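Student: I'd like to go over a predicted model; first the sequence, then the structure.
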Amino acid sequence: MIRWPALYAIALRQLYLMRGSPTRVLPIFAWVAVDIVLWGFIARYLARVSDGVPDFTATLLGAVLLWDFFSRVMQGVTTAFLEDVWSRNFLNLFASPLSVGSYLGGLVLTSVLASLIGLAVMLALAGGVFGLSFAMLGLLLVPYLLVLFLFGIALGIFASAMVLRLGPASEWLVWPIPALLSPFAGVFYPLDTLPSWMQAIGRALPPSYVFEGLRSVVAGQGFSMPELIGGLVLALVQIALACWLFAAVFKGAIRSGLLARYSAESVA
């Protein structure tokens, strides 16, 4: 059961942490800026040395921006969770009448705020420095961003469950997840470029429907509603599975006493 005051309290705690420590706010802007500037100049160089090809700024930099948005959503959830782990506050939270649903809702709300800030910075840099504009897509961009957002939430909850089960030392497994998924999701190339076994994995990832659909629109081949709905349904199913997994791991941690022993050390 989700209690809204508790949900807001979890998000408010993260806001106070950021307000009291600029070093927590800086990564929201810094890594976004580095990615956009680096890939923006790469795209500009490729456009200059290649004649008669599509605009690399729109295709390459646009893909980087959207993938970065997904990564920030996922990391918004996991970082908020890890803040409680690092401060050894996890047990204190659940000594209160806090439900798992309210806690996860607070993590999601925190991720929403952080990802919107990151998205605004990315759009400002990409538009102001490299002239990238999504105006041609209009409101069509919104459902595609929604799919990426939902999948980022699902993956963030899954990664948090993994850390809860395996212990804080397993956090190093969380950060490479977006990079590991990107070859299968077809971020920079169509899925049919991949071997069949990689395409099968890609079709299980909602971002693949986003990037395939946007490439089709940009190439003038039209908008595919079934593809978009497929990605959206898949993302929603994965959120439900991730929430179920987190709740199951949490209940197991309570039964085994793992939650009471939770600390900054590895948990076997």
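Tutor: Okay, I see it. Computed from a predicted model, the values in this text were never measured in an experiment. Numbers count the residues shown, from 1 in each chain.
Student: for L107, list the residues it contacts.
Tutor: Neighbour list for L107: I10, G76, V77, A80, F81, G156, I157, S160 [criterion: CB atoms under 8 Å, 6 or more residues apart in numbering]. Where you see a C-beta, it was placed from the backbone N, CA and C, and this is true even at glycine.
Student: could you rerun that using 6 Å?
Tutor: Contacts for L107 (CB atoms under 6 Å, 6 or more residues apart in numbering) come out as V77, A80, F81.
Student: just F69 next, same as before
Tutor: Shown in contact with F69 (CB under 6 Å, 6+ apart): L119, L148.
Student: from A247, how far out is it?
Tutor: The gap separating F69 from A247 is 27 Å, by CB to CB, to the nearest Å.
Student: just I36 next, same as before
Tutor: Taking CB to CB, one finds I36 at 37 Å from A247.
Student: picking up where we left off before, tell me which of the contacts of L107 fall in helices.
Tutor: Counting by DSSP state H, the part of the contacts of L107 found in helices is V77, A80, F81.
Student: which one of those residues is nearest to L181?
Tutor: The shortest approach to L181 among the ones in helices among the contacts of L107 belongs to V77, at 15.4 Å (CB to CB).
Student: that closest one: neighbour count?
Tutor: By other CB atoms under 10 Å, the residues close to V77 number 27.
Student: next one: T23
Tutor: 7.
Student: can you give me the helices in the stretch 101-250 of the chain?
Tutor: 141-166, 177-185, 196-202, 206-218, 225-256 (DSSP state H, counting those that start in this stretch).
Student: least confident of those, on average?
Tutor: With a mean of 86, helix 206-218 has the lowest mean pLDDT of the helices of the stretch 101-250 of the chain.
Student: which element is D35 on?
Tutor: For D35, the host element (DSSP states H and E) is helix 22-49.
Student: report the buried residues of that helix.
Tutor: The neighbour-count check on helix 22-49 (16 or more other CB atoms under 10 Å) flags I28, V32, A33, D35, I36, W39, G40, A43, R44, A47 as buried.
Student: what separation do you get for the first one and L119?
Tutor: The one in question is I28. According to CB to CB, I28 and L119 sit 10 Å apart.
Student: so where's the stretch 1-150 of the chain shaky on pLDDT?
Tutor: For the stretch 1-150 of the chain, the stretches flagged by pLDDT under 70 are 1-2, 20, 50-58, 133-138.
Student: switch to 50 and redo it
Tutor: For the stretch 1-150 of the chain, not a single residue meets the criterion pLDDT under 50.
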